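Asks: dropping a prediction and its sequence here:
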Amino acid sequence: MAKKYPETKILSRNFGVENSWTLDVARERGAYKSLEKALEEMTPDQLIEEVKTSRVRGRGGAGFPTGVKWGFVPKENDKPKYLVLNADESEPGTFKDRYLMELDPHLVLEGCLLCAYACGLSTIYIYVRGEYPLSIERLEGAIEEARKAGFIGKKVLGKKGFDVECYVHPGAGAYICGEETGMLESLEGKRGHPRIKPPFPAVEGAFGCPTVINNVETLAHVPWIVEHGGQAFADQGIQPDPDNPKALGSSGTKLMGVSGPVKNPGVWEFEFGITVKELIYDYAGGPLDGREVKAVIPGGLSMPVLTADELDVKMGFDDLVKVGSGLGTGTAIVMDDSCDMVEACENIAHFFADESCGQCTPCREGCHWMEKIFARIKGGEGTPADLDLLERLFINIEGRTICALADAAVWPLRSIIRKFRHEFLAKMPGTDAADGEDPKAAEAETVGAK
C-alpha cells in the first residue's frame, strides 16, 4: 500500500490539546514567543521583509502575497492605521478558519499583533461570521487573557510606542461581507456594499484610514515565519515555476478540508504538494460505499469543477489554475454519482442570487436569470438554446461588477455545463443526449472562452 502524503502540523499542532484555547496552555506550547522575539530583535521593516521572503500568500481565496500587501501601507501618514482580520468565512464548504479560532485563538491573536507591529497599526478588528458563536466566545476570552498578560494595550510587552487594542466584531451573516471592502462597510455600520477600488484599503480603508485586511489562516502563519525565518517557510511547499516569471509558487503549509458525501470529512494540514485525489481518497476516505466521485470543486463553492479523471493535480495556487480551476480556500467539495448536476447548478445559482448585494446590475439581475434558466431546464422545459443563452450571460456577468461575487457565480456554473452538458441535454424533450453532444456545443465553448 502506497504511503500517504504526510501531514505537517504547524497551524494545527494544538488542535488535539486539552484546553488549547486558554493562555496558560498556549504559552506552555510557545504562544507569543515570536511576538517577544520580533519586539526585541526586529524592526517593523525587517519583519515585513521576512514575510516577503516567505512568499506567504493570502489563504482566504485570492492568494495575494501578504508581505507585498503590508508594504502598501503608507508610513508618512498621521491617520490611525487599522487591521481588519477577515474571519467571516462564509464560503460554502469552507470551515478551516473556524478550527483556528476555536482551538488556537492565541495563535490568531499573535499573528494579528505581529502584523500590527510591522505595519504600525493601532487597532485590530476581528470581523467574525455571526454564525460562529463559539469562535466569537473563544476569541473574546483570548483577548481578555492577552490584555491582562500585557500583550494588548499600552506599551505591549514594554515596547515604547507600540500601543494596540483589539475588538471582535460579529457579522450579520452576509456572504458579501467576506469581500474586503464590503466588510469595511459593514464594520462601519453600513450595508455591506463593496467599494470601487482605487482607493485601496491600504491607503483608505476603515473609517477612511489606512487598513490591512488579511485572512485568519494567513496571519496564523506569521509567528512560525518569525520563529524559523521567511526562507524556511519559502522552502516548504511548491516552488515557483522557473519557466513562468509570473508564477509565485505555493509556499508553506495549508489547512485543507473536504466536505460532501465522503467517509471522513474534515480538515488537515499539509505542505503544498498533495494532490486532490490523495486528499479525497487517502484522508477523506473516498466516496461512500457503492458510490463514485463525479466531480470536485477544489476550493469552496466559487471555483470551476474538476471531473473524476482530473484529480491528479496538486492542491496549489498555480497548479490548479493550469488545469482551469483554482485553489480558492483549499477546501474541496465532493459530488458523487448520485448528484444531479442540473440541480447542483440551480442550487449554486440560487445561493449567489440570494447573496448578491444588488449593487451591480449584471450580478443582481444575471444571477437570478441563471437561476430561472436552470430551474426551467430541471423542470423539463429547457432547450439547447438555453445553454447558449447561459454562455452569453456568463460573458456579460463575469468581470463586469465592482467585486468578484459575480465571477464566483459564473465559474462553477460554466465549468459544470461544459463538462456535464449531456446531463442538461438529457432533461430537454426531443433532444438526443446519447453521446452528450449538441451541435452548438463547440460554438458555445468558443464564445465563452473569448
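Replies: Right, received. Where do you want to start?

Asks: pLDDT weak spots in the protein?
Replies: Residue ranges of the chain with pLDDT under 70: 1-3, 432-450.

Asks: same thing but 90
Replies: 1-4, 60-63, 75-78, 155, 157-161, 172-173, 241-248, 299, 429-450 (pLDDT under 90).

Asks: quick one, domains of it?
Replies: 23-234, 240-336, 341-449 (automatic domain parsing).

Asks: closest one to K9 among those?
Replies: When those are compared by CB to CB, domain 240-336 sits nearest K9, at 5.6 Å. To be clear about C-beta, it is placed using only N, CA and C from the backbone, and glycine gets the same treatment.

Asks: ends of the closest one, what's the gap?
Replies: End-to-end distance for domain 240-336: 33 Å, by CA to CA, to the nearest Å.

Asks: re the thing from before, got the domains of the chain as TSV, with mean neighbour count and distance to K9 columns?
Replies: Compiled in TSV, the domains of the chain are given as follows (neighbours: other CB atoms under 10 Å; distance: least, CB to CB, whole Å):
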stretch	mean neighbour count	distance to K9
domain 23-234	20	11
domain 240-336	20	6
domain 341-449	18	31
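
Asks: export those as JSON lines, with columns for distance to G16.
Replies: Formatted as JSON lines, the domains of the chain follow (distance: least, CB to CB, whole Å):
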{"stretch": "domain 23-234", "distance to G16": "9"}
{"stretch": "domain 240-336", "distance to G16": "12"}
{"stretch": "domain 341-449", "distance to G16": "33"}
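
Asks: strands of the stretch 151-300 of the chain, residue ranges please.
Replies: 165-170, 211-215, 237-238, 250-251, 253-259, 266-271, 293-297 (DSSP state E, counting those that start in this stretch).

Asks: ok, which of those comes nearest L47?
Replies: Closest of these to L47 is strand 211-215, at 12.8 Å (criterion: CB to CB).

Asks: for T8, find the nearest of the domains of the chain.
Replies: That would be domain 240-336 among the domains of the chain, by CB to CB, at 4.9 Å.

Asks: pull the distance from that closest one to the chain's centre.
Replies: Its chain's average C-alpha position is 13 Å from that of domain 240-336, according to CA atoms, centre = their mean, to the nearest Å.

Asks: also stretch 356-364?
Replies: 22 Å.

Asks: hmm, who's touching stretch 97-110?
Replies: By CB atoms under 8 Å, 6 or more residues apart in numbering, the residues outside stretch 97-110 that reach it are 11-12, 14-15, 20-21, 23, 26-27, 31-32, 34-35, 85, 87, 89, 126, 128, 132, 134-135, 138-139, 141-143, 145-146, 151-152, 166, 215-217, 219-220, 222-223, 255, 267.

Asks: how about 6 Å then?
Replies: Contact with stretch 97-110 is made by 14-15, 20-21, 26, 31-32, 35, 87, 89, 132, 134-135, 138-139, 142, 146, 216-217, 220, 223, 267, as judged by CB atoms under 6 Å, 6 or more residues apart in numbering.

Asks: quick one on the thing from earlier: nearest to E7, of the domains of the chain?
Replies: Across the domains of the chain, E7 has its closest neighbour in domain 240-336 (5.6 Å, CB to CB).

Asks: does V168 touch Y125 like I think?
Replies: No - using CB atoms under 6 Å, V168 is not in contact with Y125; the gap is 8.0 Å.

Asks: distance to M335 for the strands of the stretch 151-300 of the chain - can I get that in CSV?
Replies: Converted to CSV, the strands of the stretch 151-300 of the chain look like this (distance: least, CB to CB, whole Å):
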stretch, distance to M335
strand 165-170, 32
strand 211-215, 26
strand 237-238, 26
strand 250-251, 25
strand 253-259, 11
strand 266-271, 18
strand 293-297, 5
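
Asks: which stretch among the ones you listed comes nearest V73?
Replies: Smallest distance to V73 across the strands of the stretch 151-300 of the chain (CB to CB): 6.1 Å, for strand 211-215.

Asks: other residues contacting the closest one?
Replies: Residues outside strand 211-215 that contact it (CB under 6 Å, 6+ apart): 58-60, 82-84, 86, 119, 180, 201, 205.

Asks: what helix or strand is E36 on?
Replies: Element membership for E36, per DSSP states H and E: helix 33-41.

Asks: with only the CA atoms kept, save that helix in PDB.
Replies: Written as PDB, here are the backbone C-alpha positions of helix 33-41 (Å, rounded to 0.1, in the frame of the first residue of the first chain):
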ATOM      1  CA  LYS A  33       7.400  33.800  21.800                       C
ATOM      2  CA  SER A  34       7.500  35.100  18.200                       C
ATOM      3  CA  LEU A  35       6.000  38.400  19.300                       C
ATOM      4  CA  GLU A  36       8.600  38.700  22.000                       C
ATOM      5  CA  LYS A  37      11.400  37.900  19.500                       C
ATOM      6  CA  ALA A  38      10.100  40.500  17.000                       C
ATOM      7  CA  LEU A  39       9.800  43.300  19.500                       C
ATOM      8  CA  GLU A  40      13.300  42.600  20.900                       C
ATOM      9  CA  GLU A  41      15.200  41.800  17.800                       C
END
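
Asks: next, the distance between the ends of stretch 70-77.
Replies: Stretch 70-77 has an end-to-end distance of 15 Å (CA to CA).

Asks: I meant to write stretch 36-53 there.
Replies: 20 Å.

Asks: please apply the same query to stretch 303-316.
Replies: One end of stretch 303-316 to the other measures 13 Å (CA to CA).

Asks: same check on stretch 142-156?
Replies: 16 Å.

Asks: what's the answer for stretch 39-58, then?
Replies: End residues of stretch 39-58 are separated by 24 Å (CA to CA).

Asks: which helix is the longest one in the protein?
Replies: Counting residues, the longest helix in the chain under DSSP state H turns out to be helix 361-378.
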